[in-house]
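> this one's structure only:
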């Protein structure tokens, strides 16, 4: 059985943002009757990504942002800068982190580890709203 919903996250600027509660509030209807299933989240953008990581210490999110900036620096001689200096660098980081995450559902709840949370990794400096497609299969 399948359930799907597209929703928009609140506006956020560059950084790694914990969005687990926002996602769960948007998909509560789809979760409620699932005993065993999977949630797939897909971001419909090319300059932001989704991942799962540490949900407790906010320094982890700052460290991730710093590490990604060092792996893919904005200071490279990027050719595609139509929307600003962070244009192509954002696309590259999105390809590295990924547009999709999946996680198990057990008894109507996301079955994440104790310290796991869902992140939006926003790579553009100016705040954007991001569309997410949530698909639940059971």
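That came through, no problem. Every value quoted in this text rests on a predicted model; they were computed, and no experiment measured them. Numbers count the residues shown, from 1 in each chain.
> residue 36: neighbour count?
Neighbourhood size, residue 36 [other C-beta atoms under 10 Å]: 10. Just so you know, the C-beta spots here come from the backbone N, C-alpha and C atoms, and that holds for glycine as well.
> what residues are bridge-paired with it?
Beta bridges link residue 36 to residue 106 when assigned by DSSP bridges.
> which element is the residue nearest the centre of the chain on?
Using C-alpha atoms, centre = their mean, the residue of the chain that lies closest to the mean C-alpha position is residue 50, 2.4 Å off. Assigned by DSSP states H and E, residue 50 belongs to strand 48-54.
> would you mark the buried spots in that strand?
48-50, 52-54 (16 or more other C-beta atoms under 10 Å).
> out of the residues you listed, which one sits closest to residue 25?
Distance to residue 25, by C-beta to C-beta, is smallest for residue 50 among the buried residues of strand 48-54, at 16.5 Å.
> next one: that closest one relative to residue 38, how far apart?
Going from residue 50 to residue 38 by C-beta to C-beta, to the nearest Å gives 15 Å.
> repeat for residue 15
Remark: distance between residue 15 and residue 38 (C-beta to C-beta) = 28 Å.
> relative to strand 48-54, how tilted is the longest helix that the chain contains?
Using DSSP state H, we find that the single longest helix of the chain is helix 58-71. Angle between the axes of helix 58-71 and strand 48-54 is 130 degrees (criterion: axes from the mean of the first three to the mean of the last three C-alpha atoms, to 10 degrees).
> report all helices and strands that helix 58-71 contacts.
strand 15-18, strand 48-54, helix 87-97, strand 116-122 (3 or more C-beta pairs under 8 Å, 6 or more residues apart in numbering; DSSP states H and E).
> quick one: average pLDDT of that helix?
Mean pLDDT, helix 58-71: 97.
> next, the angle from it to strand 116-122.
40 degrees.
> distance from the chain centre to helix 58-71, please.
On the basis of C-alpha atoms, centre = their mean, to the nearest Å, helix 58-71 sits 15 Å off its chain's mean C-alpha point.
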